[in-house]
Structure formats: structure tokens, C-alpha cells
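Visitor: With the input below, show me the fold.
(2 chains)
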Amino acid sequence: MKIPEIDLYLIAPEIIIAAFGFLVLLVDVFAPKGEKKGYLGVLSLIGVVIAFFYTLPLVGSDKTGFEGMFTSDGFAIFFKITILIIAFLTVLISMGYASREGIGFGEYYALILFATLGMMLMAAGTHLIVIFLGLETMSISIYILAGMLREDRRSVESAFKYFLLGAFATGFLLYGIAFLYGATGSLYLKDIASYIASKKLLDNPMLLMSLAFLTIGFGFKIASVPFHMWTPDVYEGAPTSIAAFMATGVKAAGFSALIRVFFTALPEFRPDWTSIMWLIAVVTMTVGNIIAISQNNIKRMLAYSSIAHAGYILVAFVAGNKSGTSGILFYLMAYAFMNLGAFTCVILLGKKGEENILIADYAGVGFKYPLLAASMTIFLLSMAGIPPLGGFMAKFYIFSAAVEAKFYWLAILGVLNSAISVYYYLRVTVLMYFRESEREITGLQFSPAPVIALILALIGTFYMGLFPANVLSFAQKSIAGLM
Amino acid sequence: MDILGIPILSFLIFFPLAGAIILLFIKKEETIRWTTLAIALVEFVASLPLFFKFDSATAAMQFLEDWWWVEAYGISYKIGIDGISLLLVLLATFLTVLCVLCSWTAITFRVKEYMISFLFLETGMIGALVALDLILFYVFWEVMLIPMYLLIGIWGNPQRRIYAAIKFFLFTMAGSVLMLVAILVLYFINLKATGRGTFDVLELYKLGIPMGTQHWLFGAFALAFAIKVPMFPFHTWLPDAHTEAPTAGSVILAGVLLKMGTYGFIRFAMPLFPNAALDLMPLISILALIGIIYGALVSMMQPDLKRLVAFSSVSHLGYVMLGMFALNTQGVQGSIYQMLNHGISTGSLFLIVGMIYERRHTRMISDFGGISKVMPVFAVFFMIVTLSSIGLPGTNGFVGEFLILLGAFQANIVYGVLAAAGVILGAAYMLWMFQRVMFGKITNPKNEGLKDLNAREIITLIPMVALIFLMGIYPKLFFSKMDVSVEKFLKDFRGKVEMKADLPAPKVAEIKK
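Guide: This next block holds a predicted model:
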């Protein structure tokens, strides 16, 4: 019997993240009780940074390992970099927020790291079981994180809701995987692709079912309509830092797996799933944007906005060409910066026992906390796709991909949606700058870690808008192996 | 030519931005005002060499700068001016100085943020006027929105400023996103035809576009620009924005921002899609005529001075569009000239309305009457500006309107007749307004103690009046700069239209695929 070759360098980033997750847990247990545990966050940051530096040498290596279940192609590496950036910023934000809310214990940071691990596995797996394990590692960690604020009923509701619906969606996904295995006899994406190379979807009920179930399962994770119902409730109730993590990290990982599975294993059925995804993209954008208009809670608004953004990304998914796929990579990174930035602003505007998450709370903030308000404005305008910010360039690439692939109507509906979204993003700036506050927000404490996160997010948002060429060409190189 | 080692156009774009950053570190309001004035003046003086060093003999783009921005996508930082944009750039730098002056006492709170917005706006305006890359243009076009939105929303009239600000933003945005899609379609047509992806508008001019596609693309561009102009029936945001904006905001909105729409037609929509422009000429001309007459009639009935001036803009810009789509030398020249005139005349009118509003805090015509007795200097300025707006010979307005009418008569005699009728209506509403505000007995005791203009206000108005006469009496100074560019515009336009007429029909479908 041949012993499979084990290339630990290939999974070094994952190992490091996992090891630091356990380390954080252990340190927490053995540390003296009762004192502030800011060093746990620092420890997590160190882990993320080391993992990052072990990821960089893998750029361009394009290797597979573990019997072809795991890859380090450009696509996986780009996603890992995005995910590590997201994890880094999330931990930074948490270092202010979690200790403020009294949840800054070891499990919190450890679970963030474990969720990160899961996301990285999802991006790198080329075998359905690996992808599924990654997804579960991520999801279970997030279920717990969402309910971290044990005293808060909304947080518990959020965790419970996410768990129930998430488990249900996972069931669908697993069912889809099982059907796929039943129909093709393999869980390797490449083998599946070669098996179905000349099959017709409609002649194969098993494949049809599996495609439908996979769409549902992934649709849930990326929060596309009609599988989005949980999003606003969960984001609202979950700790804000975790909502940010979910909106960026879970979404990025979900898309990485969705693209990997559909583009590698099911390219044969592209004409079939394109029409479904076309519809889902349009509905997701439109529903997300229109419902966002009527929200009065900023976390719910950002939740609906994140649904709409999933719709924009699906536009590029439908386009399915090279520029679309590299556009998705670019988009998710830009989105990570601007969305985490916006959530950071939400966090900074709150204090212990007073979260200030109603949009009405933003009245008059513009001149009381000018830098905070200016940052928030920049992030929101970037999400609305106003140049010269990262969000504009991201949308530009996505819609240009749709036009290139001749999905003119999709592009038109996309930009019109983008115009609609301006309304609710502007509404926050209207309150911040145009209205006087009815209730003074005082005594905000800006702890250094979230402020650093804010600055990094600002730099990222501007950099990707003003000098998009580097990231874009990196994204273009990254998808070479996939397309 | 360079300033401080920076090419002049780039300097003009980024100097106000640098100035805005400097303002961040100044605390005292008075210092902020003076610094902004200094920045605006330096900017204006720096823009003057454009006029004197401009080579009137060539229609090629001058002061050209061309660097890659995103090379992989063919997006470049390409800027340059020709005879069409030259004067508009100067108008923008000139009006910004006056706007800073007229905001001196009118803006009493958050002066720093106000001045920063203004300088930011200047960057956007200059950038949009000199950009020769479609994406670069789009970026500046959108960048202009945010400061204007803030100007209306923060410093506008308390009652309806927020509504007006959002309406302004959403109208413009809705139009421009479709333009973005059209830009992308254009890019891919060019990529297919030439194998080279570029957003360089000078390259894209050379492209032959199949007819069906051309109509769609022209439609998307025209919608974005028509909203900005604004043409009837997309004008509804304008009266609100104008009425609610602070004086300087109205001046710059009328003076430069609306010109972005008409400039967009002449720089982008028409040369890129000449056949579609020619096909839609009747439609656009008729909408322009409706705008002229409708704007004038609504103006006549306005009880509010500022709203009256706002609707008169709809009418005036109708002339600009009519002249442009007459597609002959007189029409197009008159149209460009009228863009400048409108900036100066209507800009001055807004300044004047602002001055009287600062004194009386009302803009209702019925609140006034007999003002000329208490404010004689004001009355003189107001009279000159009113006459210029009507287009009295000897003022700038006459030259522009006359040329446009000439062009319109050549294009279609019915258009000419209707437009000429609009001139009469224009005289009617302006003179009637002037009579009700300035002459007669002082019926309202509050008007008796009004102070006449102070030195700062006179300094603000004198350059305007000087320009009104200069442009009215010696238009050659300005026409000589644009002659060649206009000729080239028309020649290229006709050339491209004819070229397309020879194109066999099947080829259309082929390219489309």
C-alpha cells in the first residue's frame, strides 16, 4: 500500500491558524483570572500574520496535495489572503468591542480562528468532503460566535436562528453532495467534471436534484434571495464584530466554494445553471436594495446591503468569463475593506450599554465626530459604487464582465440597482451631516485597535479605488488555473 | 507647460484638492475664508496661461497628458483641452473665485467644511472638463456630485434642502449609471473591432458602430447628459436644487455643472454616435424647443425670484441644445458661446438674488417693489445683468442667441420661428420681474432701510459685468479660440455620418455578434 504523500507546507497556513486557535484557548485557561485579557487578541493577530507569511510563498506554486483533495492554486491563495485580511481586521475590531461587551475571552478569539480555518479549507478544497468539512468548521464556529452575547436575547435568537436554518441548509448541501456522488461515483471535482462531460442535465434526475440542492446550500451561505431570510435577524443580534465577519468572511468563503464547485465540477451544465443564477442575481440585488431602504437599524441595513452585494457578485458569476471571475476576487477583497470599515464605524459609535445602532442615532454625528463620520461616509459611498473608491472599481469590473459576456440586461439591472442603493447609503450621510442630533452621544472611547482597523480599511478602500491595477492583475493571474 | 514641475492641467485639477487638505488644519474662520480666496485666485491665475498659450490654429488637443491608470483595462489618465473645453475651464476657475467672494458673509456656520466642499467641487469640475478618457471622465463626473450634494444639503434653505439634495443626487446618478454600461459596451465593441481595449475617447471617435447599437448607446449617454443639462422632461430636479442651494451653490450649478451636460453632448455623445445623433436630432430639437417655451412660461408665473431664475435656466439651456443640434457652424458656435453666457448672466442673476436675499431674507417678488430708489448701484448691476439675460445687442447674450437662431433657421425654419418666439417670452418674464422688484413705489416698509451694495459685493459683480460687455462687443476674442475646434467637430461629424451611409447592412449584424 502506498502511503500518500503529505506536504505540510501546503497546509502550513491552516495548521498555524488551528495551532494558534488552541494556543489562545490554553493561554486563556492558564492565565490568571480576573484581569483584562487583551493579549489574547494580540496572540490571535500574531497567528493570522504568521499564517499570512506562510501563505505568500505559496503564491504561484499551484500544487495539489493529499491525493488531490487540496490545492494551492492561485484561486485558493487569493481567497486565503482575502480571508486572512478579514480575520486580521475582525480580530482588531474585536479587541475593542469584545472587551467592551465582556466577551473577550479565549473562546471568542479561538472560534474566530477556527472559523478562519474553515473558510481557508473551503477555498482550497478540490474534494467535496474537504469543502464540506471546511464549511462545517466555519459554520459551527459562527453559530457559537453569533450567540456570544449570552445576556442579550437578540444575540441568542440570532444564534439559534442561524443554527437552525444553517443546519437545514447544510443538510441540503450534503444531500446535494450525496446525489452528486451517487450519480458520478466520485467526490473529486475534476472526476465529476469528466464524468458528466457529455451528459445532459435533464436526462439525469439525480444530477438535477444535486444541482438544485447545491444551489440552495451555497445560496444560504452567501445570503442570496430567496435563502436570505436569516441575514438581517442574525446580523442584528450577533455581536457587531461577528456580523462584520459574517458579512465579509462567510460570504467570501461561500463564494469561493460556489465558484470552485460550479466552475470545476459542473461546467458542463453552465447553460442550465446560468439561467437560474441570472434570476437569483437579479432578485437578490433588487430585494436586498429595496428592503434596505426601509430599515431603521444600521445593522439590518448593512445586512440587506450585504444581500444586495451578493447579487452584484452573482452578476459576475453568471457572466462566468475570466474578467468576471477575477472581478469577483477583486470585489470580495474591496468589499471586505469597505464593509468591515463600515461595521467598525458602527462599533466605534457605541459604548458599553449603549450601542447606538439605530440609523436615527447618526443624526448630528457628522460634526461631533468628524473623522468617524467622514470614514463612515467614505465606506458607504464606496459600497454605493461612487468613484474613486474601491467599491466603484469592483462594480466596474463586474459589470464590465457582464457586458463582455453580452448579459446587457443583467448589467443594466445591476447599475440601476446600484443607483437605488445610493438612496439608503446617502440616508445615513443625510442624518450625519444634515440633521441636528436630538440626543447627544457622548463619552465615546476610541480604543486603539479598532481605530487601526478603521485606518487600514480606509487605506484598502482608497488603494483599491485609486490604484486598482496591482490587485486586479493579481486576481487575473490567480484564476488562470481555474478557468 | 508646467507649474511647480506639474503639468498645468494636472495642477489645475489637483491644486484645489491640495488646498482643501490645507484648510483642514486651519481653525479661524476668517483665515479660512482668506485662504480659500487665495487658493481660488491662484487657481484662476494659473488657468490664464491656458488662454494665452492656447494655439488657436489647431483643433488638436493641447496641453495633453497621457499616462496609464489601469493598463490591463486600457484606462488612462489622459487629459487635454481644445477650443471647446478651454473656455469652460476658464469659466469654472473664474466662477469659483466669485463664489468664494459671495459666500463671505452668507455662510455663517461650518465655514471650513463649506470651503473644502467647494474646492473639492472645483477639482471635479476641472477634471471632468479636461478628461479625455471615458472612465476618467466618469470618475470626475461622479466626484462632482458629492460636494454639490453636501452644499445643498448642509447650507441650503432649511425647509426643503434635504429633499432637493437627494433629488439632485439620485437624478444624476440614475442617468449616469446607464452611461457607464454604455461606456462598457463601447469598450467591447472597440476591443472586437481593433483588438485593443481603450477608453481613450480620441481613439473611440474613429470607431464605426453599427446603427442599432449606436441608438442604444447614444440613448444612454444622452439620458445622462439630458438630465444634467437639464432638458425637458428631465428638468424637475433643477428648480428644487437651485432654489434650495446657497447662492454660491446656485452660481456654480448654473455656471458650470449644467454645462457638463451640454459639454458631454458635444464632446462624447455626438462625436461618438453621430448617426444616432442625426436621427434623433428632431426629437432633441423639439425637446429643446419645449424647454425654451415651457421654461419661459413657467418663469413668468413664478412668485419666487430664485425659482424664476432657475426656470429661466431651463429655457436658456434649451437654446444651447437647439443650437448644438442645428449641426451647422453658427448653431454650434452660438451654442458654446451661450454656455459661457449662461454661466455669466445666470450666475450673476443668482449672485444678485443672493445679495437681496441676504438683506431681506425673502425672495418673493411680491415682497419687493421700488428697490431701485434705495439701492441705486444694485439697480444698475441688476439692469445690466437682466438685459444680458434677455440678449440685448451689446451684451453677451445677444451674440449667443443670435447665432443660435441663425443656426436654427438654417436647420429648420419652424425651429427658428419657435425659438425666436421664446426670445420674446424671455424678455417678457425678465422685464416684468425687474419692473415688479425694482420700480414703482416702495410698498413694503421693510424695504425702506435697505443698504446698497458694499465694496465686496461690487467687486464680485464688476468682473461679471465687464465680461458681459466684453463678450457682447468683442466676441472675436473668444470665437477665435473655438473656431477651428468647432469646424473640426462638424467636419468629423459629417464625415463619420457619410462613412456610415456607405456601410453595407449585413456588416452591422456581424459586428454586433
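
Visitor: Please report how far A:L173 lies from chain B.
Guide: 35 Å (Cβ to the nearest Cβ, to the nearest Å). Any C-beta I mention is one placed from the backbone N, CA and C, and that applies to glycine too.

Visitor: Find the residue closest to that residue in space, skipping its chain neighbours.
Guide: Distances taken as Cβ to Cβ, 6 or more residues apart in numbering or on different chains place A:G217 nearest to A:L173, at 2.7 Å, with adjacent residues excluded.

Visitor: State the three-state secondary structure for the one you found.
Guide: Assigned state for A:G217: helix (three-state reduction, DSSP: H, G, I helix; E, B strand; the rest coil).

Visitor: ok, now which ones touch it?
Guide: A:G217 makes contact with A:A169, A:T170, A:F172, A:L173, A:L174, A:G176, according to Cβ atoms under 8 Å, 6 or more residues apart in numbering or on different chains.

Visitor: what does A:S473 give?
Guide: A:S473 neighbours (Cβ under 8 Å, 6+ apart): B:A72.

Visitor: element containing it?
Guide: helix A:469-478 (DSSP states H and E).

Visitor: Could you give the average pLDDT over that helix?
Guide: The average pLDDT within helix A:469-478 is 91.

Visitor: Output it as PDB, nothing but the C-alphas.
Guide: Written as PDB, here are the backbone C-alpha positions of helix A:469-478 (Å, rounded to 0.1, in the frame of the first residue of the first chain):
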ATOM      1  CA  ALA A 469      -4.100  47.700 -11.300                       C
ATOM      2  CA  ASN A 470      -2.000  45.700  -8.900                       C
ATOM      3  CA  VAL A 471      -4.700  43.800  -7.100                       C
ATOM      4  CA  LEU A 472      -6.500  43.300 -10.400                       C
ATOM      5  CA  SER A 473      -3.600  41.800 -12.200                       C
ATOM      6  CA  PHE A 474      -3.000  39.600  -9.200                       C
ATOM      7  CA  ALA A 475      -6.600  38.500  -9.400                       C
ATOM      8  CA  GLN A 476      -6.300  37.900 -13.100                       C
ATOM      9  CA  LYS A 477      -3.300  35.700 -12.600                       C
ATOM     10  CA  SER A 478      -5.000  33.900  -9.700                       C
END
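
Visitor: Any buried residues in stretch B:230-247, and which?
Guide: By neighbour count with 16 or more other Cβ atoms under 10 Å in any protein chain shown, stretch B:230-247 contains the buried residues B:230-232, B:234-235, B:237-247.

Visitor: A:V91 and A:M432, how far apart?
Guide: Distance, A:V91 to A:M432, by Cβ to Cβ, to the nearest Å: 28 Å.

Visitor: More neighbours: which of those two?
Guide: A:V91 (28 against 25; other Cβ atoms under 10 Å in any protein chain shown).

Visitor: re earlier: among the buried residues of stretch B:230-247, name the ones in helices.
Guide: B:W237, B:L238, B:P239, B:D240, B:A241, B:H242, B:T243, B:E244, B:T247 (DSSP state H).

Visitor: Could you see whether chain A lies near stretch B:20-35?
Guide: No - contact of stretch B:20-35 with chain A (Cβ under 8 Å from any Cβ of the partner chain) is absent, the minimum separation being 9.6 Å.

Visitor: which residues are contacting that stretch?
Guide: So stretch B:20-35 is contacted by B:G19, B:T36, B:I39, B:V100, B:W104, B:V111, B:K112, B:M115, B:I116, B:L119, B:F120, B:T123 (Cβ under 8 Å, 6+ apart).
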